[in-house]
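>>> How does the following fold in three dimensions:
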Amino acid sequence: MKLDEQLKEELIGEIKTYLAEELDIEIGGFDAQFFLEFLERRLACHYYNQGLADALHAAEAKMAEVGDLVYELEQSPAQ
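Residues are numbered from 1 along each chain as shown. Below you'll find the model as predicted:
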């Protein structure tokens, strides 16, 4: 996965700000970039996979709804 350069720069800035404000740790742009790349390598796939699982669950739920609607449309033979 490749991040847009502008987004990457924004995220690097947010990492630097977060570490400075919340943990009183000052880091430079390169260190923040390396940290972001570490997070991408180690965490991104887990969020991606969870997103896929959530999408599959949502699609399965909608297909069940469609199945119910089709069942409601079924007609019995005339007597």
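
>>> Who are the packing partners of the helix or strand of the chain with the lowest mean pLDDT?
Here the helix or strand of the chain ranked lowest by mean pLDDT, DSSP states H and E is helix 29-73, holding a mean of 95. Under the contact criterion of 3 or more Cβ pairs under 8 Å, 6 or more residues apart in numbering; DSSP states H and E, helix 29-73 touches helix 5-23. Just so you know, the C-beta spots here come from the backbone N, C-alpha and C atoms, and that holds for glycine as well.

>>> could you check the angle helix 5-23 makes with the least confident helix or strand of the chain?
110 degrees (axes from the mean of the first three to the mean of the last three Cα atoms, to 10 degrees).

>>> Figure out how far helix 29-73 is from the centre of its chain.
In terms of Cα atoms, centre = their mean, to the nearest Å, the centre of helix 29-73 is found 6 Å from the chain centre.

>>> what does stretch 71-79 give?
On Cα atoms, centre = their mean, the centre of stretch 71-79 falls 43 Å from that of its chain.

>>> count of residues packed around the nearest residue to residue 28 once chain neighbours are set aside?
Once flanking residues are discounted, residue 28 sits nearest to residue 16: 8.0 Å by Cβ to Cβ, 6 or more residues apart in numbering. Residues lying near residue 16 (other Cβ atoms under 10 Å) number 19.

>>> what does the model give residue 16 for pLDDT?
pLDDT, residue 16: 98.

>>> Ok, residue 79 next?
pLDDT for residue 79: 72.

>>> swap in residue 1?
On pLDDT, residue 1 comes in at 69.

>>> same question, the one 5 residues further on
Here, the pLDDT recorded for residue 6 equals 97.

>>> Can you give me the distance of residue 23 to residue 69?
Residue 23 sits 53 Å away from residue 69, going by Cβ to Cβ, to the nearest Å.
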